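Peer 1: turn this into a model:
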Amino acid sequence: MNFQEFIDKLPPEDRQLVIDHFVRNIFGQALKEVVVIRRTAKISTLGTEEEMIQEISQTFNIPIEQIRNQNIAQKLKEITQGYHQTSSIIDKYKDFLTSKGAPKDKFEELYDVGKFLISLKINGTLEIPNHISAIPDFIISSENKRIGIEHTRLMNTNSQIWIKKVSQIIKKAETLLLQRKPELKQIVNISINYWKLNINGKDLSVKLSIQDKEQIASEIADYIESLLTNGELTKPPYVDRVSISEMSEHPLSLILNENYIAKTESTNLFEERIRDKETKLGSYLVNNSLDELWLLVVVSGATASSSFILQEQNLFNSKFDKVFLFDSFSNEYLICKS
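Peer 2: The predicted structure is shown next:
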């Protein structure tokens with residue numbers, strides 16, 4: 001893969017970072033920081049360990065022997081154990097959200113909080129509120145205390161916009177394929193070359209019309225259908241790589257693979273999130289039965305939209321009793337006010 005092919009797979013914020021680093025290197029001004037490249041994909045866990053290894057190798061184009069050295073079975077076991085531990089904390093609250101028809105992001109917040117409480121090793125119970133828009137976001141009862149937890153995320157806004165646009169198109173393609181062939185059950189991972197995604201003279205830097213998105217989704221659906229039926233349709237120029245897993249018990253799932261730079265988290269951005277939440281502190285404190293009020297700032301290494309790596313922080317002054325920075329991908333946290 002040449003340099004141009006590599007940066008064409010990155011969202012704009014990451015692309016500029018790599019170009020700047022490359023230019024500084026040419027002039028002998030490169031920083032000594034390690035640049036971490038991350039890639040995401042969805043892998044079926046229904047097969048044997050060897051089948052999973054082969055699937056990972058195909059999806060990420062990594063030699064099989066290199067993957068075998070990673071002890072996939074043990075890592076999968078640890079993930080499964082963590083999932084069950086988290087479920088034991090959040091399941092009743094999850095049922096409540098389901099009964100109220102809560103939006104997807106509320107479930108994501110709940111899962112973040114559940115994983116955080118497991119990492120913190122705190123014995124507590126999530127209280128079920130009267131409505132899903134309760135303030136603060138969550139309340140836990142622990143050791144004769146009632147602790148409010150306000151949840152927020154550290155986000156790369158530019159990357160988030162691009163990823164959201166492409167994810168919506170991929171989801172449209174998935175819907176089209178299932179309308180044509182509802183019996184399909186494969187997991188299809190797709191890597192997109194963002195800078196080659198042009199339609200009717202427009203690219204992702206401008207607002208695409210509904211018709212533009214539908215046209216791209218149709219092209220992707222046609223190509224995936226051709227792959228699944230041994231057809232010979234030419235791959236669209238903006239599709240970089242496709243891998244298909246036949247091991248799925250659920251309907252066809254099209255997944256956008258992401259390629260991105262994992263960046264050390266921005267102190268300024270982190271402090272901005274704290275200050276933004278502090279402007280609403282009065283509404284959180286209306287519930288005067290709380291013994292403590294915590295702020296949980298979440299990052300996740302599994303998406304370009306939230307691609308920060310935790311690094312040690314100076315303690316922040318804050319009106320919150322405690323402030324935590326939590327990586328929901330690695331389950332690590334930093335205490336930034338205690």
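Peer 1: my guess is residue 136 contacts residue 147, does it?
Peer 2: No - shown here, residue 136 and residue 147 do not form a contact pair, counting by CB atoms under 8 Å, at 9.4 Å. For the C-beta atoms, the positions are set from N, CA and C on the backbone; glycine is no exception.
Peer 1: name the helices or strands packed onto whichever helix in the chain runs longest?
Peer 2: The residue-count maximum for a helix in the chain (DSSP state H) belongs to helix 72-99. With contacts defined as 3 or more CB pairs under 8 Å, 6 or more residues apart in numbering; DSSP states H and E, helix 72-99 has these neighbours: helix 49-60, helix 104-120, strand 125-126.
Peer 1: could you give the angle of the first one to helix 72-99?
Peer 2: Yep, that's helix 49-60 we're talking about. 80 degrees (axes from the mean of the first three to the mean of the last three CA atoms, to 10 degrees).
Peer 1: next structured bit after helix 49-60?
Peer 2: helix 64-68 (DSSP states H and E).
Peer 1: mind saving the C-alpha coords of that following helix as PDB?
Peer 2: Presented in PDB, the C-alpha positions along helix 64-68 are these (Å, rounded to 0.1, in the frame of the first residue of the first chain):
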ATOM      1  CA  ILE A  64      -2.500 -16.200  10.400                       C
ATOM      2  CA  GLU A  65       0.600 -17.100  12.500                       C
ATOM      3  CA  GLN A  66       0.700 -13.500  13.800                       C
ATOM      4  CA  ILE A  67      -2.900 -13.800  15.000                       C
ATOM      5  CA  ARG A  68      -2.400 -17.200  16.600                       C
END
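Peer 1: who are the packing partners of that helix?
Peer 2: helix 49-60.
Peer 1: name the residues of the helix it packs on that are buried.
Peer 2: Neighbour-count burial for helix 49-60, counted by 16 or more other CB atoms under 10 Å, picks out 52, 53, 55, 56, 57, 58, 59, 60.
Peer 1: how far does that helix sit from the chain's center?
Peer 2: Helix 49-60 sits 21 Å away from the centroid of its parent chain (CA atoms, centre = their mean, to the nearest Å).
Peer 1: hmm, who's touching it?
Peer 2: Contacts of helix 49-60 from elsewhere in the structure, counted by CB atoms under 8 Å, 6 or more residues apart in numbering, are 39, 41, 43-45, 47, 62-64, 67-68, 72-73, 76, 189, 243, 245, 247, 257.
Peer 1: now with 6 Å?
Peer 2: 41, 43, 64, 67, 68, 72, 73, 189, 243, 245 (CB atoms under 6 Å, 6 or more residues apart in numbering).
Peer 1: again, but for stretch 189-199
Peer 2: 8-9, 41, 59, 166, 204, 212, 215-216, 237-238, 240-243, 255, 257.
Peer 1: equivalent analysis for stretch 309-326, please.
Peer 2: With CB under 6 Å, 6+ apart as the test, stretch 309-326 has contacts from 116, 262, 264, 274, 278, 281, 292-298, 327, 332-334, 336-338.
Peer 1: dump it to PDB, restricted to CA.
Peer 2: C-alpha atoms of stretch 309-326 as PDB (Å, rounded to 0.1, in the frame of the first residue of the first chain):
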ATOM      1  CA  ILE A 309      -5.700   7.200  24.100                       C
ATOM      2  CA  LEU A 310      -5.800   7.800  27.800                       C
ATOM      3  CA  GLN A 311      -2.800   9.700  29.200                       C
ATOM      4  CA  GLU A 312      -2.100  11.000  32.700                       C
ATOM      5  CA  GLN A 313      -3.900  14.300  33.400                       C
ATOM      6  CA  ASN A 314      -3.400  17.000  35.900                       C
ATOM      7  CA  LEU A 315      -6.100  17.100  38.500                       C
ATOM      8  CA  PHE A 316      -8.900  19.500  37.400                       C
ATOM      9  CA  ASN A 317     -10.700  21.900  39.700                       C
ATOM     10  CA  SER A 318     -14.400  21.200  39.300                       C
ATOM     11  CA  LYS A 319     -17.700  21.600  41.100                       C
ATOM     12  CA  PHE A 320     -18.300  17.900  40.600                       C
ATOM     13  CA  ASP A 321     -17.300  15.800  43.600                       C
ATOM     14  CA  LYS A 322     -15.400  13.500  41.300                       C
ATOM     15  CA  VAL A 323     -14.400  13.500  37.600                       C
ATOM     16  CA  PHE A 324     -13.400  10.400  35.700                       C
ATOM     17  CA  LEU A 325     -12.000   9.900  32.200                       C
ATOM     18  CA  PHE A 326     -13.000   6.400  31.100                       C
END
